[in-house]
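1. A structural model of the following input is requested.
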Amino acid sequence: MKIVKVTYTTKAEFAEQNQANIKNVMTDLQRLNHHSLNYNACLSADGKTFIHSAFFKADDDQKLLNDLPSFKLFQEQLKASGLESPPKQELLNLVGSSNNIFNS
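-> Numbering: from 1, shown residues only. Next up, the predicted model:
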């Protein structure tokens, strides 16, 4: 299993568009119904800092996300928007969970 956390801050004027782009990614992932990938995105109280967490059962699951057209568009627009704080990526290790992450 691989867990990735990414945190970044958009400019205030791009935060709403970023949320819409994230929702498009989530809609596509829900349609795929791929049980080996758990992806979440949250917005901080400041309204412009985003925290994404992705749980991948295998490396191919990360490739599925990265190859998704809506995810590519999200990333392109995010990079072009001029961020206040660039993405910081962390690799995490799961200690425990209240439910089975991959429903297998």
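
2. Show me what the lowest-mean-pLDDT helix or strand in the chain packs onto, helices and strands only.
-> Within the chain, no helix or strand scores below helix 59-67, which has a mean of 93 by mean pLDDT, DSSP states H and E. On a contact count with 3 or more CB pairs under 8 Å, 6 or more residues apart in numbering; DSSP states H and E, helix 59-67 meets strand 2-9, strand 37-43, strand 49-56. Where you see a C-beta, it was placed from the backbone N, CA and C, and this is true even at glycine.

3. and those as TSV, adding mean pLDDT?
-> As requested, these are exported to TSV (pLDDT from 0 to 100):
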stretch	mean pLDDT
strand 2-9	97
strand 37-43	96
strand 49-56	97
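
4. In TSV: the ones you listed, plus mean neighbour count.
-> Below are those laid out as TSV (neighbours: other CB atoms under 10 Å):
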stretch	mean neighbour count
strand 2-9	16
strand 37-43	16
strand 49-56	18
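
5. Mind listing what's buried along stretch 20-32?
-> Buried residues in stretch 20-32, defined by neighbour count with 16 or more other CB atoms under 10 Å: Asn21, Ile22, Asn24, Val25, Leu29.

6. Closest one of the residues you listed to Leu83?
-> Nearest to Leu83 among the buried residues of stretch 20-32: Asn21, at 13.6 Å, using CB to CB.

7. shouldn't that closest one be in contact with Glu76?
-> No - Asn21 is not in contact with Glu76 according to CB atoms under 8 Å; the separation is 9.4 Å.

8. Tell me the helices and strands packed up against the lengthiest helix in the chain.
-> Scanning the chain for the helix with the most residues, using DSSP state H, yields helix 15-32. On a contact count with 3+ CB pairs under 8 Å, 6+ apart, helix 15-32 meets strand 37-43, helix 69-80.
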